[in-house]
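Colleague: need coordinates for the following:
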Amino acid sequence: MSSSNVAGRRSVGGTTTDQLRRANLSTILELVHREGPRSRAEITRLTGLNRSTVGAVVADLAQLGLVSERMPHLGASPGRPSPVVHAADRIVAIAINPEVDVIAIGLVGLGGRVLKSVRIATPVPPLSADVVHRAASAVAGLLAGMEDSVTVVGAGIAVPGQVRTADGLVREATHLGWYEEPLSEMFERAIGVPAFAANAAALAMRAEAVFGVGRDVDDFVYIIGGASGIGGGVVSGGTFLTGSAGHAGEIGHTFVRSSGTRCSCGSSGCFEAEVTQTALLDAVGLRADEIAGLGAALAAAEDDAAREVIAQDTEYLGIAVGNAVNLFNPSVIVLAGFLSALCEGAGAYMESILSAHTIRSARESVGLVPARFGSEQLLIGAAELVFEALLYDPAAFERVTAPRLSAGDGRQPATGDATLATGDATLATGDATLATGDATLATGDGGPVSGADVPSIVGEFNFSA
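Modeller: Okay, here's the model as predicted:
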């Protein structure tokens, strides 16, 4: 999403002077988190604040341990160099994504960088208590040796299901067999830091909106396919559409086939009931752990049975995407997970299918692009759920220590002083507007990712008449 002005968008409690200070802290921390390191001179220009105010705010953020300043490398530019403000390396969030076949756990730093991650295979869909126990043990292993070098500000859980974001209660995650599970509360007891939960697809979309192909795009639809089904979300006018209870964006439960397959939601003919990751893998003889090669395998498939599956699933994908185009008139459709692979395998056929299911005026100049991030997008999005409170009101931040967990047993950690004061921060609100820019990011292996590496917004398909 784009934002032409990153200043003055926060409102926090306190006196007028205190409110202004806290709003400025939020504005500058959010800027360096979402757009990467910036010099004081750049921050002054981007925020509209004067130089003395920027200097004072940066000093306050440094005192809180949230940013650091470094002098730039000396170049040929004349004049005194301006210090560069970086988000603090030590601030991290725990990110967890349970799926039907795997539990992904990671440590994510400010700026959306996955520092460490691990994936735990689950032969059967895990119980919520099992996810909490395994994840807590994995977190202990990830943090081993880092206890004195990181500050954990919370845990974010990306759940493939309906979640009440106010308290992290999983209302239903049908593929996992979870109903009315107090997941955030369970994780807080197990790990000893504040925990937040939300729908996985919505969080993956948030990652793409902040750091991926959704940057500088005010109107886009995001659709992701995974082992647990299909989900998505919508950004319209630069705002996340969440719905009255936070459950908007269930594109997987849009209708694509009459008298279709029975869906886990109780209906029939839902998009996610008709198009599944398992069926596509089976069509080209791949295992679940070979999902990275699905797109190439689908594109190269010559077997009649495989081509039939690809053609039918492309038809259903075209219906679902066409519905989204007609309803929301986006400039970009972002496909993630196995749906991106399906689009790759369909080739030009996807263009003709989409044209058949969209009105001409709506499909003009619609870009269809793959997501920037792979499986890491869910961890990055889960971390954003944690950082939301910190970015909203940095002044409420209290220094905390890494959770004191035993790698052998994550069930009884010492909570100690692990707390993040959030004050009256509002999380995951429908009118959240995020500042974006041309940040240079780093991947999980530490390699830099520049803006030039991001796929073109227009992508392969540009529909006219």
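Colleague: Ala297 touches Arg287, doesn't it?
Modeller: No: the pair Ala297 and Arg287 does not pass the contact test of C-beta atoms under 8 Å, sitting 11.4 Å apart. In short, each C-beta sits where N, CA and C put it, glycine included.
Colleague: okay, the two: which has more neighbours?
Modeller: Using other C-beta atoms under 10 Å, the more surrounded residue of Ala297 and Arg287 is Ala297, with 20 against 9.
Colleague: skipping adjacent residues, who's closest to the more buried one in space?
Modeller: Of all residues not flanking Ala297 in the chain, Val284 sits nearest, at 4.1 Å (C-beta to C-beta, 6 or more residues apart in numbering).
Colleague: could you do Ala383 as well?
Modeller: Val108 (3.5 Å).
Colleague: that neighbour in helix, strand or coil?
Modeller: State at Val108, reduced to three classes by DSSP: H, G, I helix; E, B strand; the rest coil: strand.
Colleague: Leu385: how many residues sit nearby?
Modeller: Neighbours around Leu385, by other C-beta under 10 Å: 26.
Colleague: what does Asn323 give?
Modeller: 18.
Colleague: any idea which element it lies in?
Modeller: helix 304-328 (DSSP states H and E).
Colleague: in terms of secondary structure, what does that helix contact?
Modeller: strand 220-226, strand 229-236, helix 271-274, helix 277-283, strand 332-337, helix 338-346, helix 348-356, helix 360-363 (3 or more C-beta pairs under 8 Å, 6 or more residues apart in numbering; DSSP states H and E).
Colleague: so which of these gets nearest Ala200?
Modeller: Closest approach to Ala200 among the helices and strands packed on helix 304-328 (C-beta to C-beta): strand 229-236, 6.6 Å.
Colleague: SS state for Ser244?
Modeller: coil.
Colleague: which phi and psi does it have?
Modeller: Phi and psi for Ser244, reported as degrees, to the nearest 10, are phi -70, psi -30.
Colleague: next: Val114.
Modeller: Torsion angles, degrees, to the nearest 10, at Val114: phi -80, psi 110.
Colleague: tell me which of the helices and strands packed on helix 304-328 sits most buried.
Modeller: strand 220-226 (a mean of 28; mean count of other C-beta atoms under 10 Å).
Colleague: that one: partners in the sheet, and parallel or antiparallel?
Modeller: strand 229-236 (antiparallel), strand 332-337 (parallel) (DSSP bridges).
Colleague: in JSON lines: these, plus distance to Leu115 and mean pLDDT.
Modeller: Shown next, in JSON lines, are the strands paired with strand 220-226 (distance: least, C-beta to C-beta, whole Å; pLDDT from 0 to 100):
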{"stretch": "strand 229-236", "distance to Leu115": "26", "mean pLDDT": "94"}
{"stretch": "strand 332-337", "distance to Leu115": "22", "mean pLDDT": "95"}
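Colleague: would you turn those into TSV with distance to Cys263?
Modeller: Shown next, in TSV, are those (distance: least, C-beta to C-beta, whole Å):
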stretch	distance to Cys263
strand 229-236	9
strand 332-337	18
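Colleague: mind listing what Ala93 touches?
Modeller: Under the criterion of C-beta atoms under 8 Å, 6 or more residues apart in numbering, the neighbours of Ala93 are 107-109, 152-156, 382-383, 386-387.
Colleague: which SSE is it in?
Modeller: strand 91-98.
Colleague: from the chain's centroid, how far away is that strand?
Modeller: Centre-to-centre, strand 91-98 and its host chain are 11 Å apart (C-alpha atoms, centre = their mean, to the nearest Å).
Colleague: what is the orientation angle of that strand with strand 220-226?
Modeller: Compare the direction of strand 91-98 with that of strand 220-226 by axes from the mean of the first three to the mean of the last three C-alpha atoms, to 10 degrees and you get 60 degrees.
Colleague: any idea of the mean pLDDT for strand 91-98?
Modeller: Per-residue pLDDT over strand 91-98 has a mean of 97.
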